[in-house]
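K.L.:
Sharing a sequence plus its predicted fold:
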Amino acid sequence: MVSHLPETDFRSCVVHKPCMEDWNATIPMFDWSFLSQEQCEQYYNNITYPGGDAWCNATWDGILCWPPTPRDTEVPLSCPPGKGIDPNKYAYRKCSSDGQWEGRRGREKEGGWSNYNDCFLPTIKDLMDKLYAKSDEDAQMKLHVAEVSRIMEMVGLSISLATVLLSLFIFTYFRSLRNNRTKIHRNLFVAMKIQLLIRLTLYIDQYITRQDVKETQRGIDNTPVVCEGFYVLLEYARTAMFLWMFIEGMYLHNMVTLSVFHDKPNYRIYYLIGWGLPVVMTAVWAAVTAFNYTNTACWWGYNLSPYFWILEGPRLTVIFTNLLFLLNIMRVLITKLQASVSSESLQVKKAVRAAIVLLPLLGITNSLQMIPSPLDRNIFEFAAWSYATTFLTAFQGFFIALIYCFLNNEVRATIRKSWDNYNSQRCIEENRRHSLASFQMYRITAGKRGSQVDCNGSMIQDVQIDAV
């Protein structure tokens, strides 16, 4: 029969040192603050063991330092603080009857096995169970797919940020592009820019801090309050992006379907919906999450909790509403095309093209993120889901900027006109400088032949410069 050694009994021996002959004050006192097996062994090195029983030696499993434990005993230690971990729960490790740490499922294993199952929050534990449902090898392959997806996401977010910033500059710089439609575009791009900047900042911070094995470097990811604040701002920007997508869809729907919609849009209402409503929604979600995630570092796993539907519910409503807008716009477009002399194939082609253009803008691709990850399926299904979802969501900013800015005929015509004006002005300046140089040359070399040069530096004609 296995006995359970209460943690407080053994720890009191260590903390109050009744059985310690020497004490090294430089050794950490928390079970999770050790960095090596040597530190762990040194910490318990001078304990006097009762005779007659076999004991499992002190061991460090990479996370916790487990104390020397008598045989047939299961020792508990408090779960280490971390994301997705409940520090009020316990991890367990069992010493077998022969004084060796017991492996998983009762099998002998070098170094033994630590049971951290109870440490995980229920949502995280459910993910872990799905991840390791088949085999350890299958789980490792899925983790590799997740790493590749993260790299793809970083690349996509960086490209999206660059194109969104360039689009914002174009829509702001050229006065001819400052109309009602592009004004909505600019607000959508601002919300996207904020979201992309925060997400990239968090990813870069996580990469830097996780390279520090000793965890001596502080960053956003491991700083209380600051970390939660970044995620609150991230979710606010995401919610604002969804609502500006809704405004885009509503404005486009009214322009296409309502013949009476010719007045100037009420931007006060638009700003209230696009920037004000997300404040209320995010504040409610943050308050509920803070109340229920008091013991979880940085609210880790909050997107898996039911409280996240305070935000996801309205976002899903926006997606379905924009889908209805899209279907009705398609109906109107097809009706108008049928009234024309276009062939049936051309009608379908135009309708499909319109749908492809609208899909990224109206946020329907974001619905893929709301589908639960198929962790319990085979590696091919999981990889297909992971890569497709990551590509469409990470590059969404790029596609929207491409379709509504870089490929827009009005934008291209404006940029081309500006470029032509710049070249014309440059030509005038060059010809002016050339005329001045010719006049000076005339004064020096009167009676000789000179040349005039066009803006490209080519000789266009010879002129006779005669003295008066």
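P.N.:
Yes, it's here. Treat the numbers as computed from the prediction; the structure is a model and nothing was measured.
K.L.:
any idea which helix or strand comes after the helix of greatest length in the chain?
P.N.:
Under DSSP state H, the helix in the chain containing the largest number of residues is helix 136-173. Of the helices and strands lying after helix 136-173 in sequence (DSSP states H and E), the nearest is helix 180-210.
K.L.:
now for that following helix, which elements pack on it?
P.N.:
Contacts defined by 3 or more Cβ pairs under 8 Å, 6 or more residues apart in numbering; DSSP states H and E place helix 180-210 against helix 136-173, helix 226-257, helix 267-271, helix 396-401. Any C-beta I mention is one placed from the backbone N, CA and C, and that applies to glycine too.
K.L.:
for the stretch 151-300 of the chain, what are the low-confidence residue spans?
P.N.:
212-217, 259-263 (pLDDT under 70).
K.L.:
Identify whichever of the helices and strands packed on helix 180-210 lies nearest to residue 297.
P.N.:
For the helices and strands packed on helix 180-210, proximity to residue 297 was assessed by Cβ to Cβ; helix 226-257 is nearest, at 7.7 Å.
K.L.:
buried sites along that closest one?
P.N.:
227-228, 230-232, 234-253, 256 (16 or more other Cβ atoms under 10 Å).
K.L.:
can you give me the offset of that helix from its chain's centre?
P.N.:
A distance of 16 Å separates the centroid of the chain from that of helix 226-257, by Cα atoms, centre = their mean, to the nearest Å.
K.L.:
and if you look at stretch 280-299?
P.N.:
The answer for stretch 280-299 is 19 Å, by Cα atoms, centre = their mean.
K.L.:
quick one: buried residues of that stretch?
P.N.:
Applying a neighbour-count criterion of 16+ other Cβ under 10 Å, one finds 281, 282, 285, 286, 289, 293, 296, 297, 298, 299 buried in stretch 280-299.
K.L.:
Show the subsequent helix or strand relative to the helix or strand where the fifth one lies.
P.N.:
Same thing as residue 289. If you go by DSSP H and E, residue 289 is part of helix 277-292. Scanning forward in sequence from helix 277-292 by DSSP H and E, the next helix or strand is helix 309-339.
K.L.:
tell me the contacts of residue 99?
P.N.:
For residue 99, the contact set (Cβ atoms under 8 Å, 6 or more residues apart in numbering) comprises 53, 54, 55, 56, 71.
K.L.:
and which of those residues is nearest to residue 147?
P.N.:
residue 56 (35.0 Å).
K.L.:
what about the closest one, neighbour count?
P.N.:
23 (other Cβ atoms under 10 Å).
K.L.:
And for residue 382?
P.N.:
20.
K.L.:
Also residue 70?
P.N.:
Counted with other Cβ under 10 Å, residues neighbouring residue 70 total 18.
K.L.:
Quick check, it in contact with residue 96.
P.N.:
No: Residue 70 is beyond contact range of residue 96, at 11.0 Å (criterion: Cβ atoms under 8 Å).
K.L.:
Low-confidence ranges, the stretch 1-150 of the chain, go.
P.N.:
In the stretch 1-150 of the chain, residues with pLDDT under 70: 1-32, 47-52, 105-111.
K.L.:
Please enumerate the strands of it.
P.N.:
For the stretch 1-150 of the chain, applying DSSP state E, counting those that start in this stretch gives strands covering 3-4, 55-56, 59-60, 65-66, 69-70, 73-78, 90-95.
K.L.:
Packed most tightly, which of those strands would that be?
P.N.:
strand 65-66 (a mean of 24; mean count of other Cβ atoms under 10 Å).
K.L.:
Where do the domain boundaries of this protein fall?
P.N.:
3-121, 130-412, 427-464 (automatic domain parsing).
K.L.:
Now render these as CSV, adding distance to residue 421.
P.N.:
Below are the domains of the chain laid out as CSV (distance: least, Cβ to Cβ, whole Å):
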stretch, distance to residue 421
domain 3-121, 55
domain 130-412, 11
domain 427-464, 11
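K.L.:
how much space is there between residue 189 and residue 46?
P.N.:
Remark: distance between residue 189 and residue 46 (Cβ to Cβ, to the nearest Å) = 65 Å.
K.L.:
Comparing those two, which residue is more hemmed in?
P.N.:
Using other Cβ under 10 Å, the more surrounded residue of residue 189 and residue 46 is residue 189, with 27 against 13.
K.L.:
My read is that the more buried one contacts residue 168, right?
P.N.:
Yes: counting by Cβ under 8 Å, residue 189 does reach residue 168; the two are 4.9 Å apart.
K.L.:
Now do the helices in the stretch 1-150 of the chain.
P.N.:
7-15, 37-43, 122-131, 136-173 (DSSP state H, counting those that start in this stretch).
K.L.:
Any buried residues in the second one, and which?
P.N.:
Buried positions in helix 37-43, judged by neighbour count with 16+ other Cβ under 10 Å: 37, 39, 40, 41, 43.
K.L.:
one step back: and the helices of the stretch 1-150 of the chain as CSV, adding distance to residue 221?
P.N.:
Below are the helices of the stretch 1-150 of the chain laid out as CSV (distance: least, Cβ to Cβ, whole Å):
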stretch, distance to residue 221
helix 7-15, 29
helix 37-43, 25
helix 122-131, 17
helix 136-173, 14
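K.L.:
wait, which of these is closest to residue 434?
P.N.:
Using Cβ to Cβ, the helices of the stretch 1-150 of the chain put helix 136-173 closest to residue 434, at 30.7 Å.
K.L.:
out of the helices and strands packed on helix 180-210, nearest to residue 376?
P.N.:
helix 136-173 (10.0 Å).
K.L.:
Also compute the angle for that closest one relative to helix 122-131, please.
P.N.:
Between helix 136-173 and helix 122-131, the angle comes out at 120 degrees (axes from the mean of the first three to the mean of the last three Cα atoms, to 10 degrees).
K.L.:
helices or strands up against helix 136-173?
P.N.:
Counting by 3+ Cβ pairs under 8 Å, 6+ apart, helix 136-173 packs on helix 122-131, helix 180-210, helix 379-394, helix 396-401.
K.L.:
quick one on the thing from earlier: how far away from the center of its chain is the longest helix of the chain?
P.N.:
The answer for helix 136-173 is 8 Å, by Cα atoms, centre = their mean.
K.L.:
can you check stretch 298-309 too?
P.N.:
15 Å.
K.L.:
quick one: terminal-to-terminal distance for that stretch?
P.N.:
End-to-end distance of stretch 298-309 (Cα to Cα, to the nearest Å): 18 Å.
K.L.:
Could I get the buried residue list for that stretch?
P.N.:
298, 299, 300, 301, 302, 304, 305, 307, 308.
K.L.:
Residue 55: what's it in contact with?
P.N.:
Counted by Cβ under 8 Å, 6+ apart, residue 55 has contacts 49, 68, 69, 70, 71, 95, 99.
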